[in-house]
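Asks: Sequence plus the predicted model coming up.
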Amino acid sequence: MPLLRAIVWSWFAFFFFIPLARLFFVGVSSPHFFFAPDVLQIVWRTVYQASLSTLISIALGIPLGWRYRREGSVQTLLSVPFMVPTLVAATAWVYWLGRRGPLQTFLGIDFSYSLSAVVIAHVFFNAPWVALQVSECSRRIPNSLLQQARSLGLSRWGMGYHVVWPLIRLSLFTVTCQVFTFCLMSFALVLVLGGGPPVETLETAIYTSLRFGIVDFDRAVAVAFWEVFLCGVPWMGILLARKKPIPLNENLALEDTFEKKGRRGGGRVWAFFFLVPYTVVLLQLFTFPEWASVEDGRLFLSSLELSFALALTTSVLTILLALLGCEVGPAWVFGLPSGVSALVLSLSYLLMFGSRMGESFFGKFSGIVLIQVFLFLPFVFRLFWSKKETDAVGASDLKGVAHSLGANRGQYLRWIWWPQWRRVIGVALLMMSGASLGELASVSLFAGGDFVPLSLLLSRWMSQYRFDAAEWLASVLLFLILSICFVLFFINSDSFQNRKWGIWHRS
Amino acid sequence: MTLFQKCNIFPLGFSLFLLLQLGLLQTGCLSESETSSPDLVVYTYDSLTAKNALGSQVQKAFEKKCQCRVKLQSVGDAGALATRLEIEGSQSRADIVWGLDQDLWKRVQQYAWKGAPEWTPSGWDELEVSVGEGFYPFDYGVFTFMVDHEELKARGLKPPTHLKDFQKSQWRRNFIVQDPRTSTPGLAFVRWVQKVEGRHFNDRMKRLSQQWLTLPAGWDTSYGLFLKQEAPLVWSYTTSQAYHRMHGDQKRYEAILFPEGHLVQVEGAMIHLNSKGEHLKRAKEFISFLISPEVQAWIPETQWMYPARKSVPLPQAFADLPKPKLIATQPLERSELQALLEGWRKAVQ
């Protein structure tokens, strides 16, 4: 373990700490930039927007997650919005909130290109995620505990405060921090829906500092520092203040305990509600444009292949690293990249490795994968760490039982470890694939020439006046992600697994 | 140790496998993947390197002509091109930097080949535009507002005739301009306002910021929103009209002219100071090729800009474009650009 830990630390050092340190030392020539009035103004606006988005997401997500916590199908639907690439989501929201959109046309409500538009889009992204996390941790609360509380005369509010709250508050705090971080580092949605200053985030401020016009390293570094600080502090707080949670693994299987049949349908309606905005993008799939030529088809297929290769490599590496992190630790190392944006990391790689990274196919591929791995690792790690801690006591018991029954390594992994972990690994694989397919920051810096993933092809076609083609491509991207989503969850569902071995259960 | 106890080694095993893969990645990152180096390395922006784009056509034709190998290195957009040069500094491997405009060129002029004053490419006297020594124009465009007449009619508006019209209430949230910090057209709009309004720039810009619908980061997003009828006007180029005419539009989309005049964007190439020996020889040939009649004739229907060379036959749609009054400007020095953007930022916050 010490050797493994050393290897992990050196990997982090080479690809994370040292490039960032170089960026900071190169960039910071005047410390007063950190407290410059315009920088502080952006910090305040970002925190305000992120707090508002988080509060509304939490307010909607908690009751939804608690109420439908035992419905597997609702949980499946709730995980979908989070996988939608932000570029595609921005396209959808332009339709709904734009000047020609239904909200303005039929209701006369104009939220277009404003802070309201950004907050609405964030809520539709994050409220389902909150609901999913709340339901994940809530369903592990033993029914017997709730029944005992009820039999002792506790009211619903009393039960919530004295029984449920102590068991889920850490997870709730974690998901609040996650959502706050997502909103803080929001990029594509703010860029498209915000309408420009004064609606901007730290991430868009970094972008505008480093792009055309001026290379404002001092300002970019100052803003990046604030972003790392605001994202990193909550994470560190969680990791340092965490206590071992009470093992809640009595109810691993989902139970159908509904008293009223209507509740299941209600859950699905709510979950579908958060998917409705994206249906307009999907409709473009059926409007096959006139532009299509054989050359376009070839280009599309090669971009598709490349995007999938990137997504798969990123997902697998991230998952393996996160699993490794759970074995090796320390946990705070794997949570650190949560405060660093793709733009900042990409810039540090350019400084560190120079043009070499961007020249060869392998260099471009590696660059994009590395950045995406660091981007996604904290979230996957947090997912796995939470799972590991929840199952900690039970897991060693199961290991002991398997050993005593003479199970070998393969059998232990296949029959004990994998059934417990497949769902969360499936969720992580899905999350990372969707996120990678739509990720633009690292792609825009490293891709180019013949190395054209789907997101770059989309932006290229737009710059060539091929807007119809770009819209169609956005719909394809969304369709792919939804397909991955449903296939993975179908495979991971209990009914599929039971059917395979001839045992039927009502699901 | 029992088999089962060896289960605990499994994480070690697959971790080592993982790290081996990562090691391979690292090696891949730091090694040259090409077995032979190209004869010419050209840094350019992304849309030039797309299939069937101007860059790809020029690359093929030049390689055939010079019997050499040209590597077209795409580096994001034009702004990213300049940023890359600044980051690489004297370590850059570029021989040619292709796709800078006059303002970006000012930022990276220090990396231009020092022999430029003593050399002119063939065809230099045939160019319609010039910027400075060491900058070799290949196309140019004229900035203006594109109007959607159908959308204007639906909103009961008539096209604006002066810049000051945009301050009137009827134009509130009815036009789109780009962010000057991330877009060359966006910066051109700010410069245009500065030229026209002079000392009233801050007040006018503040007022305009309350009027525009949105400020997308790039021209492509803004034009996409315009075509979605989010607003009847968008800041673009006069040549956008030519694109629509050549793609079936009769009169719906039109470039409008203002008596205040219009700014021009000149795109060009420069030879990098690191280019030496055979590479320098090829670089000069490439520049001459870029402004040759053959290549210049490709520009209208690939770049949707005017060719820099005079008397290049233009498609009818280009010949029919309105002839605006042009405003001559000097490329901004870095400090001037910073001051301008700082003033803009204060006005729009």
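Replies: Now that the structure is in, tell me what you want to look at. Numbers count the residues shown, from 1 in each chain, chains lettered A, B, ... in the order given.
Asks: my guess is residue B:158 contacts residue B:149, does it?
Replies: No: in this structure, residue B:158 is not within contact of residue B:149 by C-beta atoms under 8 Å, at 9.9 Å. All C-beta spots, glycine's among them, are computed from the backbone N, C-alpha and C.
Asks: In terms of neighbours, single out the busier of those two.
Replies: Counting neighbours by other C-beta atoms under 10 Å in any protein chain shown for residue B:158 and for residue B:149 shows that residue B:149 has the greater number, 15 against 11.
Asks: excluding its backbone neighbours, what's nearest the more buried one?
Replies: Counting by C-beta to C-beta, 6 or more residues apart in numbering or on different chains, the nearest residue to residue B:149 once its immediate chain neighbours are dropped is residue B:252, at 5.5 Å.
Asks: same thing with residue A:178?
Replies: residue A:379 (6.8 Å).
Asks: hang on, the one you found packs against residue A:431?
Replies: Yes: in this structure, residue A:379 is within contact of residue A:431 by C-beta under 8 Å, at 7.1 Å.
Asks: Flag the shaky bits of the stretch 1-150 of chain B, pLDDT-wise.
Replies: The stretch 1-150 of chain B contains residues with pLDDT under 70 at B:1-36.
Asks: Please repeat the previous calculation with a cut-off of 50.
Replies: Within the stretch 1-150 of chain B, the stretches with pLDDT under 50 are B:1-15, B:17, B:20-21, B:23-35.
Asks: could you show me where the helices are in it, in order?
Replies: For the stretch 1-150 of chain B, the helices defined by DSSP state H, counting those that start in this stretch cover B:9-30, B:46-49, B:54-66, B:78-88, B:102-108, B:149-154.
Asks: Could you do the stretch 151-300 of chain B as well?
Replies: Counting by DSSP H, counting those that start in this stretch, the helices of the stretch 151-300 of chain B are B:184-197, B:201-209, B:219-227, B:239-245, B:277-290, B:293-296, B:299-303.
Asks: closest to chain A out of those helices?
Replies: Chain A lies closest to helix B:219-227 among the helices of the stretch 151-300 of chain B, at 3.8 Å (C-beta to the nearest C-beta).
Asks: packing partners for that closest one?
Replies: Applying 3 or more C-beta pairs under 8 Å, 6 or more residues apart in numbering or on different chains; DSSP states H and E, one finds that helix B:219-227 contacts helix A:454-463, helix A:467-492, strand B:175-176, strand B:233-237.
Asks: Give me the contacts around that helix.
Replies: Residues outside helix B:219-227 that contact it (C-beta atoms under 8 Å, 6 or more residues apart in numbering or on different chains) are A:94, A:98, A:192, A:459, A:462-463, A:465, A:467, A:470, B:146, B:148, B:176-178, B:183-185, B:213-214, B:216, B:231, B:233-236, B:240.
Asks: do stretch A:287-307 as well
Replies: Identification of contacts with stretch A:287-307 by C-beta under 8 Å, 6+ apart yields A:436-437, A:451-457, A:466, A:468-469, A:472-473, A:476, A:480, B:51-52.
Asks: How about stretch B:318-333?
Replies: Applying C-beta under 8 Å, 6+ apart, the set of residues contacting stretch B:318-333 from outside is B:102-103, B:105-106, B:131-132, B:142, B:144, B:191-192, B:195, B:238-239, B:241-242, B:245, B:255, B:257-264, B:300, B:306, B:340.
Asks: Any idea which residue of the stretch 51-200 of chain B lies closest to chain A?
Replies: Taking C-beta to the nearest C-beta, chain A has its nearest neighbour within the stretch 51-200 of chain B at residue B:79, 2.5 Å off.
Asks: surely that residue meets residue B:187?
Replies: No: distance between residue B:79 and residue B:187: 9.6 Å, which falls outside the contact criterion (C-beta under 8 Å).
Asks: Assign a three-state SS to residue B:322, would you?
Replies: Secondary structure, DSSP: H, G, I helix; E, B strand; the rest coil: residue B:322 is coil.
Asks: how many other residues sit next to it?
Replies: Applying other C-beta under 10 Å, we find 13 residues neighbouring residue B:322.
Asks: now do residue A:148
Replies: Look at residue A:148: counted by other C-beta under 10 Å, it has 13 neighbours.
Asks: cool, and the one 3 residues further on?
Replies: The local packing of residue A:151 (other C-beta under 10 Å) involves 8 other residues.
Asks: Pull out the buried positions in the longest helix along chain A.
Replies: As assigned by DSSP state H, the longest helix anywhere in chain A is helix A:294-328. Residues of helix A:294-328 classed as buried under the neighbour-count rule (16 or more other C-beta atoms under 10 Å in any protein chain shown) are A:296, A:299-300, A:303-304, A:306-308, A:310-311, A:313-328.
Asks: Let me know the pLDDT of residue 295.
Replies: Since no chain was named, I'll use chain A. As predicted, residue A:295 sits at a pLDDT of 73.
Asks: please go with chain B instead
Replies: If you check residue B:295, the pLDDT there is 96.
Asks: likewise residue A:16?
Replies: If you check residue A:16, the pLDDT there is 85.
Asks: repeat for residue B:311
Replies: Confidence score, pLDDT, at residue B:311: 86.
Asks: who's in contact with the spatially closest residue to it that is not a sequence neighbour?
Replies: Of all residues beyond its chain neighbours, the one nearest residue B:311 is residue B:126 (7.4 Å), with distances taken as C-beta to C-beta, 6+ apart. Under the criterion of C-beta under 8 Å, 6+ apart, the neighbours of residue B:126 are B:291, B:309, B:310, B:311.
Asks: Please identify the helix or strand for the last one.
Replies: Which is residue B:311. Following DSSP states H and E, there is no helix or strand that holds residue B:311.
Asks: neighbours around it, how many?
Replies: Neighbourhood size, residue B:311 [other C-beta under 10 Å]: 10.
Asks: How about the contacts made by the residue lying closest to residue B:114 once chain neighbours are set aside?
Replies: Of all residues not flanking residue B:114 in the chain, residue B:273 sits nearest, at 6.1 Å (C-beta to C-beta, 6+ apart). Applying C-beta under 8 Å, 6+ apart to residue B:273 gives the contacts B:90, B:111, B:112, B:113, B:114.
Asks: backbone phi and psi for the last one, please?
Replies: The one in question is residue B:114. phi -80, psi -10 (degrees, to the nearest 10).
Asks: Also the one 5 residues further on?
Replies: Residue B:119 adopts backbone torsions of phi -140, psi 140, taken as degrees, to the nearest 10.
Asks: what's near enough to touch the nearest residue to it once chain neighbours are set aside?
Replies: Spatial nearest neighbour of residue B:119, chain neighbours left out: residue B:284 (6.7 Å); criterion: C-beta to C-beta, 6+ apart. Contacts for residue B:284 (C-beta under 8 Å, 6+ apart) come out as B:119, B:121, B:271.
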